[in-house]
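Trainee: here is the input, now give the coordinates:
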Amino acid sequence: MCGIVAYIGRRSARPTLLEGLKRLEYRGYDSAGIAIVNGTLQVARTIGRVAVLEELVEERAQASGPGSEAFEGTLGIAHTRWATHGEVSERNAHPQIDDAQLGHGIAVVHNGIIENYVVLRKYLEERGHSFTSETDTEVLAHLIGELYHGNLERAVQAALREVTGAYAIAVICREEPDVLVVARKGSPLMVGIGKDEYIVASDSSAIVAHTTQAFTLADYTVAALTRESFRTSTIDNVEITPEIRELESDLGEIDLGAFPHYMLKEIHEQPQALRQCLQGRIDQRSGQIVLGGISQFARDLARARRVIFVGQGTALHAGMIGSYLVEDLAKIVADHDFASEFRYRNPIVEEGTVVIAISQSGETADTLAALQESRQRGALALGIVNVVGSTISRETDAGVYLRVGPEIGVASTKAFIGQVMVATMLAIYIGRRRYLSNDTVAQLLRELVQIPDRIERVLGESEHIHAVTAKYVDRENWLFLGRGYNYPVALEGALKLKEISYIHAEGMPAAEMKHGPIALIDDGMPVVVLATRNSQYEKVLSNIAEVRARGGHVIAVATEGDDEIAGHCEDVVYVPDVPEPLQPLLTVVPLQLLAYHAAVMRGKDVDKPRNLAKSVTVE
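Mentor: Residues are numbered from 1 along each chain as shown. Just a heads-up that it's a prediction; the model follows:
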């Protein structure tokens, strides 16, 4: 983990590599490095941000004197690392190099985990190799070097046949200055195709400034790139032809514009993101949902006996809402589960089971593994993902894209709301084929298309939410309470606050509070309560009373026009009135803004919170 950029062409590689790393910073990392081949193998690595690496490279280039060719070459690789094996240090940063004495000047950058690296390292040490880092990646570099006999592509293929685990790698060699070799299994990697050049990266944000033509590497695929051509094959050297496609994102979508942080930009993009998500999918005239990606399985969905949503983190919270929607609107037994638990729990998958995997990136390792497990057990596997051509989108039987555009902030906002919107449409789609009347569906669709405008009204409350947040931002423990559809929203609100402000927060069903967690409440403790007008409103008021009786300060998210709620809490944020199944699409927005304002007030790095990565491609 976590970001790879590689270049081979006719231009200087250094600026392209460093620019690409900057565009991948949102993925989260703790160190960075670069390697360029130009007669010799030149390597620089550092702890910290890409800007620190850029300064280091510039210093070394200047120290070499006028006319120096230090770090000036047309072939190179670069990386931002999120530590897995070994501490955060310069020696553990990538690129990792093969043995100084026995090696060939091979450099490797790697995302993923080599699970059998201990066995391989012992074998290589017995062969005389000396290691300088604690990483599994250095083992891979040495192994490629051990198997190198003048052909880098063949050496990489041979090495990967010995490897167990997940990888996306880019490899260069001092002895082959005209070849870049890349490979992938279980961790994303794509190749951008330019004129006499190729740019390889973990995702399209590092490519779109240079080309819109690209192909995504499939698992167990190796690509050998020269300046004029490329060859793709399996690790067993069976030649294959990749599918070249047009990249959908553009630079405008990944630029900050006038916003101070990507997270705030993406919160404010949510209305437009949902308009894109809904476009062409709501036919109000006929009162139908149109989901072309799953239309061939409409009958199977209508006959489904059980639906299971799997995901991790924010995606799981969207899946929880999805399970509530499917039971409520489609009257099918529905459940949700951590993807990481589902695959190891020996789950029961009977005839008529549908498993729906939710992932923004479409590359989440645990979710992908759960999806593969469910398919092996005979389930109909669907995907709800944002990234076109991602692994999960290819591994499913069918699916629905979010179409919310690139999400750069590590803490997901517009992707979450897109996931909830797609889950809502899916539940209505199935429900109409089972029990929902045409009138009920028509009413829901009228409300659904107004959601983007209503979110814009909630965004107008940002300054008020800022003022409320300021009153409690110094408190280190928060509770988030909700019932029914708003319980998963409470979990999501607590997660957002934890992720970016580092405040301890717990989300839970409001009724669960008195079964233990109520002991945490002390004088002035902030408790966020989702108290919209719904079927459990009176129960929520009782929970608020229990909190206030013990000195807690209640911040309520309530329905516009509810004047009664103000007398039951210290602060209120209002959202428009919508049908209960649609409330999560609105109630989550104030919680996103609260978390954002809290992080800024506490001086945290909003877009790149510590220890987190945007796309978790290892278990």
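
Trainee: quick check: bridge partners of the closest residue to Asp577 other than its chain neighbours?
Mentor: Nearest non-adjacent residue to Asp577, counting by C-beta to C-beta, 6 or more residues apart in numbering: Thr559, 4.9 Å away. From N, CA and C alone the C-beta is placed, and that goes for glycine too. With DSSP bridges as the criterion, the beta-bridge partners of Thr559 are Val575.

Trainee: count of residues packed around Thr559?
Mentor: Applying other C-beta atoms under 10 Å, we find 19 residues neighbouring Thr559.

Trainee: what about it, distance to Thr587?
Mentor: Thr559 sits at a distance of 10 Å from Thr587 (criterion: C-beta to C-beta, to the nearest Å).

Trainee: output the below-cut-off pLDDT ranges for this structure.
Mentor: In the predicted model, the chain carries pLDDT under 70 at residues 1, 27-28, 64-69, 248-253, 613-619.

Trainee: so which residues of the stretch 401-550 of the chain form helices?
Mentor: Under the criterion DSSP state H, counting those that start in this stretch, the stretch 401-550 of the chain carries helices at the ranges 414-432, 438-448, 451-459, 462-472, 486-501, 537-548.

Trainee: now distance to Asp522 and mean neighbour count too, for the ones you listed, in JSON lines please.
Mentor: Rendered in JSON lines, the data for the helices of the stretch 401-550 of the chain read as follows (distance: least, C-beta to C-beta, whole Å; neighbours: other C-beta atoms under 10 Å):
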{"stretch": "helix 414-432", "distance to Asp522": "31", "mean neighbour count": "26"}
{"stretch": "helix 438-448", "distance to Asp522": "40", "mean neighbour count": "17"}
{"stretch": "helix 451-459", "distance to Asp522": "30", "mean neighbour count": "19"}
{"stretch": "helix 462-472", "distance to Asp522": "13", "mean neighbour count": "17"}
{"stretch": "helix 486-501", "distance to Asp522": "18", "mean neighbour count": "26"}
{"stretch": "helix 537-548", "distance to Asp522": "11", "mean neighbour count": "17"}
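
Trainee: JSON lines please, covering these and showing distance to Ile332.
Mentor: Supplementary listing: the helices of the stretch 401-550 of the chain in JSON lines, determined by distance: least, C-beta to C-beta, whole Å:
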{"stretch": "helix 414-432", "distance to Ile332": "7"}
{"stretch": "helix 438-448", "distance to Ile332": "16"}
{"stretch": "helix 451-459", "distance to Ile332": "24"}
{"stretch": "helix 462-472", "distance to Ile332": "37"}
{"stretch": "helix 486-501", "distance to Ile332": "18"}
{"stretch": "helix 537-548", "distance to Ile332": "26"}
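
Trainee: and of the ones you listed, who's closest to Cys2?
Mentor: helix 486-501 (16.0 Å; C-beta to C-beta).

Trainee: start and end of stretch 540-560, how far apart?
Mentor: Distances were taken as C-alpha to C-alpha, to the nearest Å; on that basis the terminal residues of stretch 540-560 are 16 Å apart.

Trainee: the chain should start at 495 in everything you say after this.
Mentor: Yes, from this point I'll number from 495; that puts the last item at stretch 1034-1054.

Trainee: ok, the residue nearest to Asp1071 to Gly580 distance?
Mentor: Counting by C-beta to C-beta - Thr1053 and Gly580 are separated by 52 Å.

Trainee: follow-up on the earlier one: thought the residue nearest to Asp1071 was touching Glu1074?
Mentor: No - the pair Thr1053 / Glu1074 is not scored as a contact, 10.6 Å apart, by C-beta atoms under 8 Å.

Trainee: Arg725 pairs with what?
Mentor: Following DSSP bridges, Arg725 is listed with bridge partners Ala718.

Trainee: what about it, distance to Arg837?
Mentor: In this view, Arg725 and Arg837 are 35 Å apart by C-beta to C-beta.

Trainee: these two: which has the busier surroundings?
Mentor: For Arg725 against Arg837, the residue with the higher neighbour count under other C-beta under 10 Å is Arg837, and the figures read 21 against 13.

Trainee: tell me how far that one lies from Val702.
Mentor: In this structure, Arg837 and Val702 are separated by 34 Å, where distance is defined by C-beta to C-beta.

Trainee: check His623 too.
Mentor: Spatial separation of His623 from Val702 under the definition C-beta to C-beta is 39 Å.

Trainee: so who does Gly639 touch?
Mentor: Taking C-beta atoms under 8 Å, 6 or more residues apart in numbering as the criterion, Gly639 is in contact with Asp592, Asp593, Leu596, Gly597, His598, Ile600, His623, Ala649.

Trainee: quick one, phi/psi of it?
Mentor: Summarising the backbone geometry of Gly639 under the convention degrees, to the nearest 10, its torsions are phi -60, psi -40.

Trainee: neighbours of the spatially closest residue to it that is not a sequence neighbour, just the number please.
Mentor: The shortest distance from Gly639 to any non-neighbouring residue, by C-beta to C-beta, 6+ apart, is to Asp592 (3.2 Å). Applying other C-beta under 10 Å, we find 27 residues neighbouring Asp592.

Trainee: again, but for the one 10 residues further on
Mentor: Neighbouring residues of Val602 were enumerated by other C-beta under 10 Å; the total is 31.

Trainee: just the element for it, please.
Mentor: Per DSSP states H and E, Val602 falls inside strand 600-608.

Trainee: what lies in contact with the next helix or strand after that strand?
Mentor: Using DSSP H and E, the helix or strand that follows strand 600-608 towards the C-terminus is helix 611-620. For helix 611-620, the surrounding residues in contact (C-beta under 8 Å, 6+ apart) are His579, Ile608, Phe625, Asp630, Val633, Leu634, His636, Leu637, Glu640, Glu656, Val657, Gly659.

Trainee: what's in contact with the host helix or strand of Gly813?
Mentor: When elements are assigned from DSSP H and E, Gly813 belongs to helix 808-819. By C-beta under 8 Å, 6+ apart, the list of residues contacting helix 808-819 from outside reads 801-805, 828-833, 850, 852-854, 858, 861, 878, 905-906, 909-910, 913-914, 917-918, 920-921, 978-979, 981-983, 985-986, 989, 1075, 1078.
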